[in-house]
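# need a 3D model of the following:
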Amino acid sequence: MFFNRKQRISEKYAPVGKIGEGTYGLVYKARNIQNQSGNSEAESFVAVKKFKSFKSGDGISPTAIREIKLLRELKNPYIVDLVDVMLDEADKALYLVFDYAEHDLLEMIRCHHNRSAPHAMPMHTVKSLLWQILHGINYLHKNWIIHRDLKPSNILVTGLDKPPNERGCVKIADFGLARLFQSPLRPLTDVDAVVVTIWYRAPELLLGAKHYTKAIDLWAIGCIFAELVTSKPLFQGQEKERKGDDRNPFQSDQIDKIFRILGKPSVERWPGVIDLPHWSQAQTWQNYPCILHDRVRGLAKGSSGYDLLTKLLEYDPDKRITAEDALKHPFFTEEPRPTHIAFVDPNIDPYKSRPVTPLDPKKDIGWAMSATTSGTNGQTPMTRPMPQSAPLFSSAPPPFKRTRINDR
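Just a heads-up that it's a prediction; the model follows:
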């Protein structure tokens with residue numbers, strides 16, 4: 001990786017507060033204080049993902065490598081923009097800088113659920129958000145990429161800080177688990193079997209599949225669709241912790257939650273289920289009737305919206321609807337029609353911004369505390385501007401050159 005400029009991160013971005021935290025590190029909201037040419041510009045904000053500091057000789061996190069490698073090639077209105085990459089040798093941390101979005105679906109859904117008088121999200125908003133998510137995922141799948149971690153907190157939505165025609169726009173984020181697949185389609189095998197947060201994890205994964213396809217993204221979208229309609233997760237199971245060498249324990253509680261709502265699948269309905277490692281345990285369970293229509297009352301049984309939901313939540317991944325076909329579904333041709341602005345009124349943002357936690361001097365060391373100092377000592381970090389996006393693959397992507405970092 002080449003860097004053609006030397007500049008302190010604090011000279012470009014001033015941290016405002018923390019907006020997220022995960023196993024990889026922290027995410028901050030920051031003020032963009034300079035443009036690429038070094039001139040002052042009107043106030044704008046970015047999201048800065050700081051990966052945990054690395055020890056000398058350890059190299060950069062494979063998760064970060066994967067995210068950079070994919071996002072530098074992606075250019076789509078419904079995919080988050082990676083605008084900068086900075087490697088700070090002083091605090092031995094890698095920073096990925098993204099265009100900022102005021103909201104995520106998790107907070108938007110909570111807004112409807114937590115009110116003293118909860119009310120449903122407007123169908124125009126539901127339909128527009130779903131339509132945009134499907135467009136973004138269709139773009140990824142057309143370019144041989146599976147996201148593998150779709151959930152409401154990873155779906156960002158722009159707010160009133162953007163121009164009117166860019167408000168209420170989905171930005172799919174967090175590509176740390178994303179990976180390439182090939183055509184003709186060959187199922188993926190993963191050494192790390194745990195992909196997708198458990199509430200949004202497809203049944204083939206829950207039943208121990210070591211081979212899977214892009215259909216896992218569509219199941220997650222089905223779960224998100226139901227959550228947009230009802231303002232609460234559809235399948236809320238308890239995750240069983242991995243112990244010892246068991247990388248993929250049977251998530252019995254989560255699969256039970258699914259069976260109780262969709263009914264237990266039969267071998268006739270899903271022939272491949274008989275070959276899944278955990279099916280021998282699940283097949284003896286009680287048969288339940290499908291009560292999905294009772295859980296998503298915002299979609300009338302027999303309506304086009306309910307039909308689309310059932311196609312997204314199809315047990316058999318070979319029969320599950322694709323993103324391309326979902327976009328052609330009659331649900332999106334009926335009123336209210338979806339638009340690229342999810343808000344009912346583009347001049348009114350009915351949702352609170354993502355919460356920003358004040359910086360903690362005891363935890364947020366390094367660049368993040370530069371907001372309270374006039375400068376920093378130490379070595380100058382290296383940065384590079386992102387290159388112009390190259391055309392994506394029109395056929396199956398060539399295999400990446402093997403390195404000591406496993407691209408799984």
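
# packing partners for the helix or strand where L308 lies?
According to DSSP states H and E, L308 maps onto helix 304-312. The helices and strands touching helix 304-312, judged by 3 or more CB pairs under 8 Å, 6 or more residues apart in numbering; DSSP states H and E, are helix 215-230, helix 292-295, helix 323-327. All C-beta atoms are positioned from the backbone trio N, CA, C, and that covers glycine.

# which residues does the most centrally placed residue in the chain contact?
For the chain, the residue nearest the mean C-alpha position is N154 (3.4 Å; CA atoms, centre = their mean). Residues in contact with N154, defined by CB atoms under 8 Å, 6 or more residues apart in numbering, are D104, I172, A173, D174.

# which segments of this structure make up each domain?
Following automatic domain parsing, one gets these domains for the chain: 5-100+355-380, 103-332.

# looking at these, which is buried most?
domain 103-332 (a mean of 18; mean count of other CB atoms under 10 Å).

# got the end-to-end distance for that one?
Taking CA to CA, to the nearest Å, domain 103-332 runs 24 Å from one end to the other.

# rewinding a little: contacting residues around the helix holding L308?
Contacts with helix 304-312, where a contact means CB under 8 Å, 6+ apart, come from 218-219, 221-222, 225-226, 229, 292-293, 296, 299-300, 320-321, 326, 329-331, 334.

# how does it look with 10 Å?
Outside helix 304-312, the residues that touch it by CB atoms under 10 Å, 6 or more residues apart in numbering are 123, 126-127, 130, 134, 215, 218-226, 229, 234, 262, 290, 292-293, 296, 298-301, 303, 319-323, 325-326, 329-334.

# run through the helices of the protein in chain order.
9-12, 62-71, 105-113, 123-142, 203-206, 215-230, 252-262, 279-282, 292-295, 304-312, 323-327 (DSSP state H).

# Q238: which of those is closest?
For these, proximity to Q238 was assessed by CB to CB; helix 252-262 is nearest, at 4.5 Å.

# the closest one to helix 304-312, inter-axis angle?
Angle of helix 252-262 versus helix 304-312, following axes from the mean of the first three to the mean of the last three CA atoms, to 10 degrees, is 140 degrees.

# so what's the residue lying closest to G176 once chain neighbours are set aside up against?
Distances taken as CB to CB, 6 or more residues apart in numbering place T63 nearest to G176, at 4.1 Å, with adjacent residues excluded. For T63, the contact set (CB under 10 Å, 6+ apart) comprises G22, T23, Y24, G25, F51, D174, F175, G176, L177, A178.

# just these now: which is nearest P15?
Scanning the contacts of T63 for proximity to P15, where the rule is CB to CB, the winner is G25, at 13.6 Å.

# quick one: P203 from K301, how far?
22 Å (CB to CB, to the nearest Å).

# any low-confidence regions in this structure?
1-7, 23, 35-42, 53-58, 115-118, 183-195, 244-247, 362-366, 368-408 (pLDDT under 70).

# what ranges do the strands span in it?
Ranges of strands within the chain are 5-6, 13-21, 25-32, 44-51, 82-88, 93-99, 103-104, 145-146, 155-157, 170-172, 179-180, 188-189, 211-212, 382-385, based on DSSP state E.

# for those strands, which one sits closest to V356?
When these are compared by CB to CB, strand 13-21 sits nearest V356, at 3.8 Å.

# that closest one packs against which elements?
strand 25-32, strand 44-51 (3 or more CB pairs under 10 Å, 6 or more residues apart in numbering; DSSP states H and E).
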